[in-house]
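Novice: I would like the atomic coordinates for the input below:
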Amino acid sequence: MPLFSSLMVLAASTTLEPPSPPESLPETLGEGTVSLPDRYEYCSSFTRDRRTLYIGIEHGNWQSIEAYDWNGKGWTNRRHIVGSPDFNAHDPYLSADEQRLYFITANRGSADIAYLPRQEDGSWGEPKYLGDEVNGEANDYYSSFTAGGDLYFSSNRAGENYDIYVARAGEAPQRLNSPVNTEAYEGDPYIDPDGRYLIFASTRRRGLGRGDLYLSLPNGEGGWSMPIAFDERVNTSGHELCPLVSLDGSAFMFTSDQEIRWVSTALIEEMIAEHSQ
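Specialist: Below you'll find the predicted structure:
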């Protein structure tokens, strides 16, 4: 290929427009490539430019994380990142600086929060675990962080049911009070980096299906307001879980009935505006 043509191809690849989320109604993300009819995909995380996507895959007795790249027309370059029958890995969460890929593994007996560090060449290094102040004998899973470094996660350390906890620097994890946590299951917390809202999954009463997604706003007193259920655009008679917002703030992703769906975060802002009046 002539040098000029090669430079044109390079320029086109570096200015590639990323995919945009649907404006108002959630759709399946990467149907036929990322989301396949014969497998269970759950939990996802984008790079800030939305050109690389990490997803969790259920294999029955173990889980793994895969990545895909956007080529301008679809998701390609499917590749394995971490996870095997001997070392399960799921619930990917890319840090704000993109230097850590957090995930959950039960390799030590109970579910723990771990991460892959970014290497100088851009590849991912060997898994590292968070410390004992977070990971304990109980199951601790699904991580997200505020810009200040507060970690939100779910755990059954207080009993059989799962609740949502926050771990702030230098402090022991604290269970969030009601009305976020109840006697039902509460898990998969996504915290907005600026703490504007919290989204989580729950099996509380009056839900539409096996599990639903809820949004809670700060109550102005250091706690959280009564959670608001997402409407039928998100919650269905099936199972919704794994909420996450892309690093650039444009896309709201979640899992619904074993596939990954996404929509513009305008849907979240609509809920906030409606319930802040």
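Novice: and residue 121, how many residues sit next to it?
Specialist: Counted with other Cβ atoms under 10 Å, the neighbours of residue 121 add up to 5. All C-beta spots, glycine's among them, are computed from the backbone N, C-alpha and C.
Novice: how near is it to residue 131?
Specialist: Per Cβ to Cβ, to the nearest Å, residue 121 is found 27 Å from residue 131.
Novice: And for residue 63?
Specialist: Going from residue 63 to residue 131 by Cβ to Cβ gives 23 Å.
Novice: do the same with residue 110
Specialist: For residue 110, the distance to residue 131 - Cβ to Cβ - is 15 Å.
Novice: next one: residue 145
Specialist: From residue 145 across to residue 131, the span is 15 Å (Cβ to Cβ).
Novice: Tell me who's in contact with the nearest residue to residue 219 once chain neighbours are set aside.
Specialist: Spatially, and ignoring its direct neighbours in sequence, residue 219 is nearest to residue 225 (4.6 Å; Cβ to Cβ, 6 or more residues apart in numbering). When contacts are counted by Cβ atoms under 8 Å, 6 or more residues apart in numbering, residue 225 touches 179, 216-219, 275.
Novice: Please flag which of the residues you listed sit within helices.
Specialist: If you go by DSSP state H, the contacts of residue 225 have residue 275 in helices.
Novice: Which member of the contacts of residue 225 is positioned nearest residue 199?
Specialist: Closest to residue 199 out of the contacts of residue 225 is residue 216 (7.9 Å), distances taken as Cβ to Cβ.
Novice: Could you check how far that closest one is from residue 102?
Specialist: For residue 216, the distance to residue 102 equals 22 Å [Cβ to Cβ].
Novice: if I read this right, residue 69 contacts residue 50, doesn't it?
Specialist: No - between residue 69 and residue 50 there is no contact under Cβ atoms under 8 Å: 10.8 Å.
Novice: More neighbours: those two, which one.
Specialist: Neighbour tally, residue 69 and residue 50, criterion other Cβ under 10 Å: the higher count belongs to residue 50, 18 against 15.
Novice: give me phi/psi at that one?
Specialist: phi 60, psi 30 (degrees, to the nearest 10).
Novice: Now it. Nearest residue, chain neighbours left out?
Specialist: residue 18 (3.6 Å).
Novice: my guess is that neighbour meets residue 47, correct?
Specialist: No - Residue 18 is beyond contact range of residue 47, at 9.1 Å (criterion: Cβ under 8 Å).
Novice: which one of residue 63 and residue 131 has more residues nearby?
Specialist: residue 63 (25 against 8).
Novice: all helices for the stretch 151-277 of the chain, in order.
Specialist: For the stretch 151-277 of the chain, helices defined by DSSP state H, counting those that start in this stretch occupy the ranges 266-275.
Novice: any idea how far residue 270 lies from residue 74?
Specialist: Distance, residue 270 to residue 74, by Cβ to Cβ: 29 Å.
Novice: try residue 254
Specialist: With Cβ to Cβ as the criterion, residue 254 and residue 74 are 21 Å apart.
Novice: same deal with residue 274?
Specialist: 35 Å.
Novice: Have a look at the two and say which one is more surrounded.
Specialist: Neighbour comparison, residue 274 and residue 74: the larger count goes to residue 74, with 14 against 9 (by other Cβ under 10 Å).
Novice: pretty sure that one is touching residue 33, no?
Specialist: Yes - with contact defined as Cβ under 8 Å, residue 74 counts as touching residue 33 (5.8 Å).
Novice: Now do stretch 249-256: distance to the chain's middle.
Specialist: How far stretch 249-256 lies from its chain's middle: 8 Å, per Cα atoms, centre = their mean, to the nearest Å.
Novice: you'd agree residue 153 is up against residue 189?
Specialist: Yes - taking contacts as Cβ under 8 Å, residue 153 lies within contact range of residue 189: 6.7 Å.
Novice: Give me the common contacts of the two.
Specialist: What both residue 153 and residue 189 touch, as defined by Cβ under 8 Å, 6+ apart, is the set 142, 144, 164.
Novice: residues touching the first one, list them.
Specialist: Residues near residue 142 by Cβ under 8 Å, 6+ apart: 43, 91, 93, 104, 153-154, 187-189, 242.
Novice: With that, I have no additional questions.
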